[in-house]
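In: turn this into a structure:
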Amino acid sequence: MKTRDTISVAIADQSVIVRSGMYTALKRLPKLNIQAVEISTCAGLEDCLRTQPIDILIVNPYFNGFFNFDCLQTEQDEVKVKVVALATTHTDPSVLNNFDATITIFDSLAKIGDTILKLINREDSDDEQETLTDREKEVVICIVKGMTNKEIADHLFLSVHTVNTHRKNITKKLQIHSASGLTIYAIVNKLVDINEIQAD
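Out: Next comes the predicted model:
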């Protein structure tokens, strides 16, 4: 998992009290260096997304009437902005389905911090998964399914020596040293379904 010096956050809400309150809360989070910007208009949001690298956008689902996810597509094709709903009133759960996470105005600092960390760590896990080759992912799946090196070699038409090399590379890249750790990694990164794993 990579270390982040600064997490860039944009806060979009038409209420200055809500924006400023969230800004203050983010600045008070321990052990997180957050660079936050407050946004009050749709034009300001579009300008911010076009000109600044943003990791997380915290936005009221009813911002400017109703938040439009289409504005994230402009200039953001290469960057994956995580979008968090900032619920200030009762919000229909179906509206929240499009968001990566939800924060309410009643959440504690600890809960807000956990939400931010989970989003950043999920992004870092995605990056780690990309470092595995397709063949290494296949080997991980076989390990998680309880196959021996010989069975993996036969299944993937490889030599046992090549399987051992793949296992060493996987351990080095992921810093995971046990089958149980690889199982958790494979489930979290959707390489396997939990139902595919044999219970001993």
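In: and the residue nearest to residue 177 when sequence neighbours are not counted, how far from residue 161?
Out: Leaving out its chain neighbours, the residue that sits closest to residue 177 by C-beta to C-beta, 6 or more residues apart in numbering is residue 171, at 6.0 Å. All C-beta atoms are positioned from the backbone trio N, CA, C, and that covers glycine. Noted for residue 171: a distance of 16 Å to residue 161, by C-beta to C-beta, to the nearest Å.
In: check residue 100 too.
Out: Using C-beta to C-beta, residue 100 is found at 42 Å from residue 161.
In: do residue 190 as well
Out: Noted for residue 190: a distance of 30 Å to residue 161, by C-beta to C-beta.
In: cool, and residue 148?
Out: Distance of residue 148 to residue 161, computed by C-beta to C-beta: 14 Å.
In: and residue 35, which of the three is it?
Out: strand (DSSP: H, G, I helix; E, B strand; the rest coil).
In: run through the bridge partners of it.
Out: For residue 35, the beta-bridge partners are residue 8 (DSSP bridges).
In: downstream of the helix or strand of the chain with the lowest mean pLDDT, the next helix or strand is which one?
Out: Least confident helix or strand, the chain: helix 109-131 with a mean of 74, by mean pLDDT, DSSP states H and E. Sequence-wise, the next helix or strand downstream of helix 109-131 (DSSP states H and E) is helix 134-144.
In: buried stuff in that next one?
Out: Going by neighbour count (16 or more other C-beta atoms under 10 Å), the buried part of helix 134-144 is 136, 137, 138, 139, 140, 141, 142, 143, 144.
In: before we move on, what about stretch 24-31?
Out: Within stretch 24-31, the residues scored as buried using 16+ other C-beta under 10 Å are 25, 26, 29.
In: mind listing the strands in this protein by residue range?
Out: Ranges of strands in the chain, per DSSP state E, are 7-12, 34-39, 56-59, 82-87, 101-104.
In: before we move on, back to that, from the buried residues of stretch 24-31, which ones fall inside helices?
Out: Among the buried residues of stretch 24-31, DSSP state H puts 25, 26 in helices.
In: dump the buried residues of stretch 24-31 to TSV, plus pLDDT and distance to residue 10.
Out: Below are the buried residues of stretch 24-31 laid out as TSV (pLDDT from 0 to 100; distance: C-beta to C-beta, whole Å):
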residue	pLDDT	distance to residue 10
25	93	15
26	94	11
29	89	16
